[in-house]
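>>> My questions concern the predicted model and sequence given below.
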Amino acid sequence: MFTSVLMIEKALTSADVEFVTGLHGEEEVSFHVLLQPRGDQADRLLRAIDDVALGELDEATREGLTPEGEEAKSFGERALAVSLQALTAAGSAAEGRLIEDHPLDALKSLVEEIGADEVIVLTDPHYVEEFFHRDWASRARHKVGVPVLKLFSHSKA
């Protein structure tokens, strides 16, 4: 069985599930999902800049309405539960956990703990972080010791 660590920032859509479960053809895949709920105000600013870069001005003005920190934790728990259920319904083994601090440290620990074959980072585009190679995938490539695949989610949350 192939073991993938899947880092996400929101609930998987059906298209996301179909995409990640089909990456290895007929081979059975076990997913270990890490979800980090929304962060702090600095994250909010970066998300607003990303929205402007994508031409989504309405989204940029609504970033202040998005739950942050502790308030976001319950949304994260629901997003994780929905994602795990969708992966299981698609025929894959799936388990997961929320990560609140130091996502790359949590990722590295999990990869070592389970002997993962790969890491898949599935997020919305984050142009500012990607430009400076500060996004999860770019930073993980130097830390985890297994291949890291960066994918963009199929819908904006």
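Yep, it's here. Every value quoted in this text rests on a predicted model; they were computed, and no experiment measured them.
>>> how about the helices of this protein, start to end?
For the chain, the helices defined by DSSP state H occupy 14-21, 41-53, 57-62, 69-89, 103-114, 127-131, 136-140.
>>> So which other helices or strands are in contact with the fourth one?
Of the remaining helices and strands, those touching helix 69-89 by 3 or more CB pairs under 8 Å, 6 or more residues apart in numbering; DSSP states H and E are helix 14-21, strand 29-35, strand 93-98. Where you see a C-beta, it was placed from the backbone N, CA and C, and this is true even at glycine.
>>> okay, and for the chain, where does confidence drop off?
Along the chain, the model assigns pLDDT under 70 to residues 38-72, 125-136, 155-157.
>>> looking at the helices and strands packed on helix 69-89, which is closest to Val148?
Within these, the stretch nearest Val148 is strand 29-35; the backing value is 12.9 Å (CB to CB).
>>> by contact count, what packs against that closest one?
Short answer (3+ CB pairs under 8 Å, 6+ apart): strand 29-35 packs on strand 2-8, helix 69-89, strand 93-98, helix 103-114.
>>> ok, back up a step: will you turn the helices and strands packed on helix 69-89 into CSV that also has mean neighbour count?
Output for those, formatted as CSV (neighbours: other CB atoms under 10 Å):
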stretch, mean neighbour count
helix 14-21, 17
strand 29-35, 22
strand 93-98, 16
